[in-house]
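Q: Next comes the sequence, and after it the predicted model I'd like to discuss.
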Amino acid sequence: MASGPAASTARNADHQTAAGENSGTQRPNSGRTTVDLAEVEKFSAMADSWWDPAGKFRPLHRLNPVRVGYIRDKVCAHFDRDPAAPQPLEGLSLIDIGCGGGLLSEPMARLGAATTGVDATPRNVEVARLHAEQTGVKATYLNCAAEDLVAQGKQFDVVLAMEIIEHVADVDAFLGACSKLLKPGGLLFLATMSRTVKSYAVAIVGAEYVMRWLPKGTHDWNRFIRPSEMARGLRHHGLQIAELTGVSYNPFKDNFHLSRDLDVNYMALAKAPA
């Protein structure tokens, strides 16, 4: 979680071809599926709000600068790039799993990465494609699941799974798909919320009921994942967490910042063996 109007027809043709290779919509998989149809329906109902900074996805808009800066800096350090360059991620392939309306895919594409955003919700993909055409950002969007690309043998230098794992049907299958999508020596970024009393108070009661940032029922606290559980799940698929960092909200400045607090929001960085 991205050609102006004159190029719209050509871009649509490219997208239709890519989507056709992935059936354009969800299809049965030979293995375990990560797609939770109830979650797909939930986010389909909110799809038109993706690019409204004051709407239902306001927290992600506030969070985005922190996510983008963290990913850029870690990728540049790993691949020996200059983060101050106009397009420091040029030449690298990147997939944004659960891309939604493209809030994270678009900045990654602007940084130069060959960006593919995938989402199981057709309406999200439509919104992402339309916004990319309107803003002139070159990103490819596919309506499919991570395991569909694994079946095609696709691999990427950078895999993003940000604020998505708590919405999938099978966490172990999802982590397995993420690991298989990584090229040797690639980087996997995951972001989610830890299952703690504090996260229930902040992310459920605070965000959904008090501040009303999100519609009630957006998150299920029981599906939040503790860092130790994330680490154990990744080890099962041959990956080790290289770094954990918390992401905290400052209500006085109305912004997010990196922190040592892993009790609510956190990001995990894992590296594939070279």
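A: In hand now; what should we look at?
Q: hmm, who's touching the strand or helix carrying Ser179?
A: For Ser179, the host element (DSSP states H and E) is helix 171-180. For helix 171-180, contacts defined as CB atoms under 8 Å, 6 or more residues apart in numbering pick out 31-34, 97, 145-147, 149-150, 155, 159, 161, 165, 168, 188, 190, 225, 233-234, 236-239, 272. C-beta: built from backbone N, CA, C; applies to glycine.
Q: For the helix or strand following it, what is the distance to the chain centroid?
A: Going down the chain from helix 171-180, the next helix or strand is strand 182-193, by DSSP H and E. The chain centroid and the centroid of strand 182-193 are separated by 10 Å under CA atoms, centre = their mean, to the nearest Å.
Q: For the helix or strand following strand 182-193, buried residues please.
A: Next along the chain after strand 182-193, taking DSSP H and E as the criterion, comes helix 197-199. Residues of helix 197-199 classed as buried by neighbour count (16 or more other CB atoms under 10 Å): Ser199.
Q: after helix 197-199 comes which helix or strand?
A: Taking DSSP H and E, what comes next after helix 197-199 is helix 227-235.
Q: Determine the longest helix present in this structure.
A: If you go by DSSP state H, the chain has its longest helix at helix 58-78.
Q: per-residue confidence averaged over that one?
A: Helix 58-78 shows a mean pLDDT of 95.
Q: Same question for stretch 239-250.
A: On average, stretch 239-250 scores 95.
Q: which one is Met108 nearest to, not counting chain neighbours?
A: Thr115 (4.8 Å; CB to CB, 6 or more residues apart in numbering).
Q: thinking again about what came up before, need the contact partners of the helix or strand immediately after the longest helix of the chain in the chain.
A: Following helix 58-78 in sequence order, the next helix or strand is strand 93-97 (DSSP H and E). If you take CB under 8 Å, 6+ apart as the criterion, strand 93-97 is touched by 1-2, 104-105, 108, 113-118, 146, 149, 154-162, 164, 178, 181, 183.
Q: Now the helix or strand harbouring Leu149 - C-alpha only, CSV.
A: Assigned by DSSP H and E, Leu149 belongs to helix 146-151. Only the C-alpha atoms of helix 146-151 are listed here, as CSV (Å, rounded to 0.1, in the frame of the first residue of the first chain):
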residue,chain,number,x,y,z
ALA,A,146,0.2,-12.6,-3.2
GLU,A,147,0.1,-16.4,-3.7
ASP,A,148,-1.1,-15.9,-7.3
LEU,A,149,2.2,-14.1,-8.1
VAL,A,150,4.1,-16.8,-6.3
ALA,A,151,2.5,-19.4,-8.6
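Q: Next secondary structure after it?
A: strand 156-162.
Q: quick one, that next one and helix 58-78 angle?
A: 150 degrees (axes from the mean of the first three to the mean of the last three CA atoms, to 10 degrees).
Q: partner strands of strand 156-162, parallel or antiparallel?
A: Note on strand 156-162: by DSSP bridges, its sheet partners are strand 93-97 (parallel), strand 182-193 (parallel).
Q: could I get those as CSV with mean neighbour count, distance to Val66 and mean pLDDT?
A: Below are the strands paired with strand 156-162 laid out as CSV (neighbours: other CB atoms under 10 Å; distance: least, CB to CB, whole Å; pLDDT from 0 to 100):
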stretch, mean neighbour count, distance to Val66, mean pLDDT
strand 93-97, 27, 16, 98
strand 182-193, 21, 10, 97
